[in-house]
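S.K.: quick one, fold the following:
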Amino acid sequence: MNYLTDEEYFKRVNKICLTELIFNYLLTIIKFVGGFIGNSNALISDGIDSLGDSFTSTSFLISNKVSSKKADKDHQFGHAKIESLVCLIFSLVLIFISLILIYNNSITLINKSYLDESIDNISISLIMVIVAIAIKLFLFILTFINYKVTKSPSLKARAIDHLTDSVGTLISLISIILIFSISNQDIKIVDPIASLFINVLVIVGSIRVTYENASLLLDKSMPIKEQDEIKKLILSVDGVLHIDNFRNRIVTNRIFIEVEISCDDKLTLKEAHDISEKIRVDVLNQFKDVKHILVHVNPLEHLDESDL
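M.R.: Modelled structure (predicted):
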């Protein structure tokens, strides 16, 4: 299997981010215009979701550029965490905006003010929302295909996000069709209800993004299964008697590892170094998502030595 170099990876992800950025801002305009012209609160709420996606695409584009910068004297482990920090901030802002919209739609339902809203030009909203669904499905296919090529967790998350966003837009479409096709004024209640449901979806998705990025900023570890695979490889290296300590952290799509091993205390410094170097080379060759691994060798009597 061919793996992308860091330069190829960042270049490809950057290209997808730029494409997403353009289409997400286009979606935001389409939904806001359709929502305001057709007086559709559901479509306006969906537009807020697309605005959040636009911010995420913008932050991802900027952070991808910053993340690709080499380490410097002030940031000796690189700049990759900027992506998680920016996404965390924007997800919290999106939650705040959605809560305001939930409050406004709740007041609309309580006061039944939706009955006073005009349904003129709702056919324009109908056209807008159909176009929006088509664009979202296109973005899902585009990001999913590129995720399969790059194995980027961020692109995988974006692909899932596009698919779930399509559900919210579909809810807007259903509410508009009901209002458009049924003459009874009471049917207008589906609009604020649909808007509430979409806002809840946005909050749930934003909470997930907040949690994931907060975990990454707190040095989240890779799944246990992957850790066990790497440990098995380390133990298979001739001369390794025991793994004393194994720590790892995920930084965007890369993994940093620190491992302490026990070896025979009669080994020379050169022999101990060769063992640690073989571990480093084997892990980096077989696990392409591992960016860096630091191997420390202990004599056997220091079994399970750890500073944590």
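
S.K.: where does the stretch 151-300 of the chain have low pLDDT?
M.R.: Counting by pLDDT under 70, the stretch 151-300 of the chain contains low-confidence ranges at 151, 153-154, 157, 252-253.

S.K.: can you give me the helices in it?
M.R.: Residue ranges of the helices in the stretch 151-300 of the chain, as given by DSSP state H, counting those that start in this stretch, are 153-181, 190-217, 224-235, 269-286.

S.K.: so which elements touch the first one?
M.R.: The elements that helix 153-181 packs onto, with contact taken as 3 or more Cβ pairs under 8 Å, 6 or more residues apart in numbering; DSSP states H and E, are helix 6-37, helix 41-67, helix 122-150, helix 190-217. The C-beta positions use only the backbone N, C-alpha and C, and glycine is treated the same way.

S.K.: could the ones you listed go into CSV alongside mean neighbour count and distance to residue 163?
M.R.: Converted to CSV, the helices and strands packed on helix 153-181 look like this (neighbours: other Cβ atoms under 10 Å; distance: least, Cβ to Cβ, whole Å):
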stretch, mean neighbour count, distance to residue 163
helix 6-37, 18, 14
helix 41-67, 23, 12
helix 122-150, 18, 5
helix 190-217, 20, 11
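
S.K.: domain ranges for this structure?
M.R.: Segmentation of the chain into domains, based on automatic domain parsing, reads 6-217, 224-302.

S.K.: quick one: distance of the first one to the chain centre.
M.R.: So that's domain 6-217. Domain 6-217 has its C-alpha centroid displaced from the chain centroid by 13 Å (Cα atoms, centre = their mean, to the nearest Å).

S.K.: re the thing from before, save the helices and strands packed on helix 153-181 as CSV, and put in distance to residue 274 too.
M.R.: Output for those, formatted as CSV (distance: least, Cβ to Cβ, whole Å):
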stretch, distance to residue 274
helix 6-37, 27
helix 41-67, 34
helix 122-150, 34
helix 190-217, 34
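
S.K.: rank those helices by mean pLDDT and give me the bottom one.
M.R.: Across these, the stretch with the lowest average pLDDT is helix 41-67; it has a mean of 73.

S.K.: what's the first helix or strand after that helix?
M.R.: The first helix or strand that comes after helix 41-67 along the chain, using DSSP states H and E, is helix 82-111.

S.K.: next, the buried residues of that next one.
M.R.: 82-84, 86-88, 90-91, 94-95, 97-98, 101-102, 105, 108 (16 or more other Cβ atoms under 10 Å).

S.K.: need the worst-confidence member of those.
M.R.: The lowest pLDDT within the buried residues of helix 82-111 belongs to residue 83, which sits at 69.

S.K.: in JSON lines, list the helices of the stretch 151-300 of the chain along with distance to residue 25.
M.R.: Converted to JSON lines, the helices of the stretch 151-300 of the chain look like this (distance: least, Cβ to Cβ, whole Å):
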{"stretch": "helix 153-181", "distance to residue 25": "14"}
{"stretch": "helix 190-217", "distance to residue 25": "17"}
{"stretch": "helix 224-235", "distance to residue 25": "37"}
{"stretch": "helix 269-286", "distance to residue 25": "39"}
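
S.K.: before we move on, back to that, which one of the helices and strands packed on helix 153-181 lies closest to residue 277?
M.R.: With Cβ to Cβ as the criterion, residue 277 lies closest to helix 6-37 of these, at 21.5 Å.
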